[in-house]
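> coordinates for the following, if possible.
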Amino acid sequence: MDTATDRDDGGRRDDPVDGTPVDPVADTPGDGAPAGRVKGLVGRVRTNKLARDSVWGMSLEGVSLLSTILVFSLLGRSLGPTDYGAYVSVFAVVNPMVTLTASGVSLALMEHAVRRQESLEETARSSITMSLVLGSVLSVIGVLLALNIVEEISAIAAITIVIGEFLVSPLSMIAASTLQSGSSFRDATKVRLATTIARTVVVVTLYAIGHLTVMVYVIVNVSVLLLVSIAALHQVGKKFGFRFLPGRFQIPMLKTNGTYSVGISAYSFQNDGEKTVMTANGLTTDTGLYSAAYRVVMMGLIPIGAFMSASHTKILEQVENEKGHHLRLSARFAAILGVYGLIFSIAAFFAAPLLPLLVGDAFEDSVEMMRWLAPIVFLRAIGATPVNGLLGLGRMGVRTLVIVVVAAISVVMYIVMIPIWGWKGAVIATMIGEVLNVVTAWTALVILQRRHDRSIDAESLTPPTPLETMS
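Residues are numbered from 1 along each chain as shown. Purely as a prediction, here's the structure:
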């Protein structure tokens, strides 16, 4: 993923690592005094593209974390377990399909604009068309499913949520992805920050004036997000010199979108399927309590996601004639993340009684649920690296197959276990699915790494051609 930003000129030398201009004074510690070293570090960050991008990336992660905590806390306190359960249940129903109009489209945009070097204007405008067409069709399906599964939410609120997810939110994502594809990670991050901050301001304002209900919140939030998205599209089009309007629908981009979306959607089914099944079985209040506990535990995945994102390029690197490379790399990363995951899971177990302080006493029953869910972070930590290791071996099809199979088995377990054991059945099925993902992913990586190693051995035994001998 290209994360380049605007470059500085003016007679500065190039950085030997990434080629960006470096101020010859900025990285000189001066007389060795602390002030000189700090000045040098600040100057280095200002002139080094990777450092600047890292600062912006960390800023987004920090703001997103604070926003998540604040929004989650205020929504929980205002809505209570039942209304909060109905609210999150609608998202659980539509999230697996949203990929086709949001993240899948954004990834397809960057694939065609960056990797395939196609016209940024054509791919960006085609992305808008694809998102709107797919979003319109899927909105109808999403509304029908939500209204039939989630009985405790009004039709207007459900329709507004679905429209926001399928038609409005993707617009800002496309704007950000266009900026990132055009080598402006900083500006792309600003768009993402704007949507996050806007949502937070809406929640805080409605809470302050005593009108934070599901109906009012979703209508105001979607309206504000639409304005932010339109403004973002206008500014992005102005930056790159084109009118950011829907363009020609491109079938190749649709295929790329589908390729990316399959795995993400399957993961979403596994991630949110239990909430949908709980709601369908009339456990809306338990769904709210469970979702609150789940949300807190999932905050522990933010550092894991940041680590995997930072190491993604390293994982994709091909090392010629080095046997066991991706298996060793995945194992090393898993050891690092596993230690963190274990520490967080233990901490979450003992910190669970503090959850009602965050969302209110009505969520007292979420404490036990949070303790049951705590091990997920450890399992995700040791299961993330082999899945990406398969990408390093060029086995995207196997990676997708592992995710889809595990998700399908998890959904079946949700359907079977939740009617019998309620939320405990949801946790048991979730844990079994996570363990299955770990075992399957590592097994696939070991087998395919050994197969890759044998191909290296076979190539080393192949006699050189006459042309190679002469050279």
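
> where does pLDDT dip in the stretch 1-150 of the chain?
Applying pLDDT under 70 to the stretch 1-150 of the chain flags residues 1-54, 57.

> at 90 instead, please
Under the criterion pLDDT under 90, the flagged ranges of the stretch 1-150 of the chain are 1-66, 68-69, 95-96, 99-100, 102-104, 106-108, 110-118.

> now do the strands in it.
Using DSSP state E, counting those that start in this stretch, the strands found in the stretch 1-150 of the chain span residues 13-14, 21-22.

> kindly check the end-to-end length of stretch 358-367 for me.
By CA to CA, to the nearest Å, the extent of stretch 358-367 from end to end equals 12 Å.

> average pLDDT for it?
What stretch 358-367 shows for mean pLDDT is 93.

> do stretch 163-176 as well
95.

> list the buried residues of that stretch.
Going by neighbour count (16 or more other CB atoms under 10 Å), the buried part of stretch 163-176 is 163-176. (C-beta placed from N, C-alpha, C; glycine too.)

> any chance of those residues in a markdown table, plus secondary structure and distance to residue 353?
Formatted as a markdown table, the buried residues of stretch 163-176 follow (DSSP: H, G, I helix; E, B strand; the rest coil; distance: CB to CB, whole Å):
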| residue | secondary structure | distance to residue 353 |
| --- | --- | --- |
| 163 | helix | 39 |
| 164 | helix | 35 |
| 165 | helix | 34 |
| 166 | helix | 39 |
| 167 | helix | 41 |
| 168 | helix | 38 |
| 169 | helix | 35 |
| 170 | helix | 39 |
| 171 | helix | 41 |
| 172 | helix | 38 |
| 173 | helix | 37 |
| 174 | helix | 43 |
| 175 | helix | 42 |
| 176 | helix | 39 |
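
> in the stretch 351-471 of the chain, which spans are helices?
Secondary structure of the stretch 351-471 of the chain (DSSP state H, counting those that start in this stretch): helices at 355-359, 366-373, 376-392, 396-421, 423-461, 466-470.

> most neighbours per residue, which of these?
helix 376-392 (a mean of 24; mean count of other CB atoms under 10 Å).

> quick one, it and helix 423-461 angle?
Taking axes from the mean of the first three to the mean of the last three CA atoms, to 10 degrees, helix 376-392 and helix 423-461 form an angle of 30 degrees between their directions.

> just to revisit the earlier point, between the buried residues of stretch 163-176, which is closest to residue 226?
residue 168 (5.0 Å; CB to CB).

> ok, residue 258 - contacts?
If a contact means CB atoms under 8 Å, 6 or more residues apart in numbering, then residue 258 has 100, 104 as its contacts.

> same question, residue 167
Residue 167 touches 101, 131, 132, 135, 136, 139, counting by CB under 8 Å, 6+ apart.
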